[in-house]
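**Q** sequence? don't have it. structure:
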Ligand SMILES: Nc1ncnc2c1ncn2[C@@H]1O[C@H](COP(=O)(O)OP(=O)(O)OP(=O)(O)O)[C@@H](O)[C@H]1O
């Protein structure tokens, strides 16, 4: 997907954003502080900002069909859930398609008979997402459209949506303030600040920019690798990152790609080889740099191979361990 958007009219903060994402990327994450222009950008892409100059193309079609999901579900309140979905399906290329795929994907099969007006916020968001999918767009824009859904269900939906998008060549742009969600699932990530895309591309690189070049929180790192053989005794998966065994929640099949998102405040550093801690993940790495964040804390940038990990520690901890750039250390953190 490629786009170029320009909005420069009186009374509105200017917006100028150009991006080109790889053909293999089906899920694009977009984040940024409040008021940065994320909703405006999505509205422009959807053709809802009449004064904006917009160019958008997908690798599937030069004039893609675009659908937008808002944080307010905007269902037709006088219709049932099923009727809302049937109405949307009439706008798809296949008006006889079964709705089951969409309701299963959005965990809302059990809501079909309910009146739209009776749904909770999270239920209505699931139905709004299913309704958008039922119209079979080429590009789906989701503007914080899952914020009211509990995090376990939300992550299951995002993961399923990614698999569905891969199968059908749908491209999804997901706007969220939950950077962990985006870091876990997005193929590429973009950061919008004051109407400009300040960084876009590989998730780990954008997280690095987020951690080191902005004052935004949280400070996150991405550790990834292939799942090893599962240990049937525990409901975790083991995976190899830079040749080291790490653990993450849930199960993955052998060789499946695994991502672990680590909050820098959850990382502790030491110089011991053996792991006698309840923190099961131990990652041997080297200190690249230490940057003062405040009179209490500093950010340590650690590296092993191609992987960068951040830790936020106190000045006291640094002094007690005598940590300096170049030191070999073990970074420990919980199963995240
Ligand atoms: N119709 C409008 N007229 C004037 N200013 C507007 C209009 N719509 C949005 N804005 C302003 O444009 C800026 C960007 O708003 P936008 O809603 O796109 O931000 P956002 O990044 O989605 O924020 P949030 O994360 O809080 O939802 C804000 O300063 C907002 O007040």
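**A** Yes, it's here. Source: prediction; values computed, not measured. Residues are numbered from 1 along each chain as shown.
**Q** switch to C-alpha atoms for all contacts and neighbour counts from now on
**A** OK.
**Q** okay, now residue 273: neighbour count?
**A** Residues lying near residue 273 (other Cα atoms under 10 Å) number 10.
**Q** Tell me the secondary structure at it.
**A** Secondary structure, DSSP: H, G, I helix; E, B strand; the rest coil: residue 273 is coil.
**Q** Distance check, it against residue 240.
**A** 18 Å (Cα to Cα, to the nearest Å).
**Q** Please apply the same query to residue 87.
**A** Taking Cα to Cα, one finds residue 87 at 47 Å from residue 240.
**Q** Tell me where the stretch 151-300 of the chain has helices.
**A** Using DSSP state H, counting those that start in this stretch, the helices of the stretch 151-300 of the chain run over residues 151-168, 179-185, 203-213.
**Q** possible to save those as TSV with mean pLDDT?
**A** Shown next, in TSV, are the helices of the stretch 151-300 of the chain (pLDDT from 0 to 100):
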stretch	mean pLDDT
helix 151-168	96
helix 179-185	96
helix 203-213	95
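**Q** And the contacts of the longest strand along the chain?
**A** Longest strand in the chain, counting residues (DSSP state E): strand 281-292. With contact meaning Cα atoms under 8 Å, 6 or more residues apart in numbering, strand 281-292 is reached by 244, 246-247, 275, 298-304, 324-335.
**Q** what mean pLDDT would you report for it?
**A** For strand 281-292, mean pLDDT is 97.
**Q** ok, residue 129 - contacts?
**A** 69, 106, 145.
**Q** got it, and residue 303?
**A** Counting by Cα under 8 Å, 6+ apart, residue 303 touches 285-288, 309.
**Q** Name the nearest of these relative to the ligand.
**A** The ligand has its nearest neighbour among these in residue 309, at 26.9 Å by Cα to the nearest ligand atom.
**Q** what are the pairing partners of the helix or strand hosting residue 3, and which direction each?
**A** Remark: residue 3 resides in strand 2-7, with elements defined by DSSP states H and E. Applying DSSP bridges, strand 2-7 is found paired with strand 15-20 (antiparallel), strand 53-57 (antiparallel).
**Q** just for the stretch 51-200 of the chain, where's the confidence low?
**A** Of all residues in the stretch 51-200 of the chain, none has pLDDT under 70.
**Q** What segments of it are strands?
**A** Along the stretch 51-200 of the chain, the stretches classed as strands by DSSP state E, counting those that start in this stretch are 53-57, 66-69, 139-143, 171-175, 188-193, 196-202.
**Q** Export those as CSV, with columns for distance to the ligand and mean neighbour count.
**A** Converted to CSV, the strands of the stretch 51-200 of the chain look like this (distance: least, Cα to the nearest ligand atom, whole Å; neighbours: other Cα atoms under 10 Å):
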stretch, distance to the ligand, mean neighbour count
strand 53-57, 15, 17
strand 66-69, 13, 22
strand 139-143, 8, 24
strand 171-175, 8, 25
strand 188-193, 8, 23
strand 196-202, 11, 18
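**Q** mind giving me JSON lines with the ones you listed and columns for distance to residue 266?
**A** Formatted as JSON lines, these follow (distance: least, Cα to Cα, whole Å):
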{"stretch": "strand 53-57", "distance to residue 266": "40"}
{"stretch": "strand 66-69", "distance to residue 266": "34"}
{"stretch": "strand 139-143", "distance to residue 266": "29"}
{"stretch": "strand 171-175", "distance to residue 266": "25"}
{"stretch": "strand 188-193", "distance to residue 266": "23"}
{"stretch": "strand 196-202", "distance to residue 266": "23"}
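**Q** just so I know, which of those lies nearest residue 122?
**A** Closest of the strands of the stretch 51-200 of the chain to residue 122 is strand 66-69, at 13.4 Å (criterion: Cα to Cα).
**Q** List the contacts of the closest one.
**A** With Cα under 8 Å, 6+ apart as the criterion, strand 66-69 contacts 42-43, 45-46, 128-129, 132, 137-143, 145.
**Q** Now for residue 161: which residues touch it?
**A** residue 105.
**Q** What's the separation between the residue nearest to residue 26 when sequence neighbours are not counted and residue 193?
**A** Excluding the flanking residues, the one nearest residue 26 by Cα to Cα, 6 or more residues apart in numbering is residue 171, at 4.6 Å. Distance, residue 171 to residue 193, by Cα to Cα: 23 Å.
**Q** And residue 87, by the same measure?
**A** 37 Å.
**Q** Over to residue 136?
**A** Distance from residue 136 to residue 193, by Cα to Cα: 31 Å.
**Q** same question, residue 56
**A** Distance from residue 56 to residue 193, by Cα to Cα: 21 Å.
**Q** now do residue 312
**A** 24 Å.
**Q** before we move on, the earlier item: neighbour-wise, which one of the contacts of residue 303 leads?
**A** Counting by other Cα under 10 Å, top hit in the contacts of residue 303: residue 309 with 27 neighbours.
**Q** now residue 47, nearest residue through space, not along the chain?
**A** residue 54 (7.9 Å).
**Q** just checking, that neighbour touches residue 2?
**A** No: Residue 54 is beyond contact range of residue 2, at 10.7 Å (criterion: Cα atoms under 8 Å).
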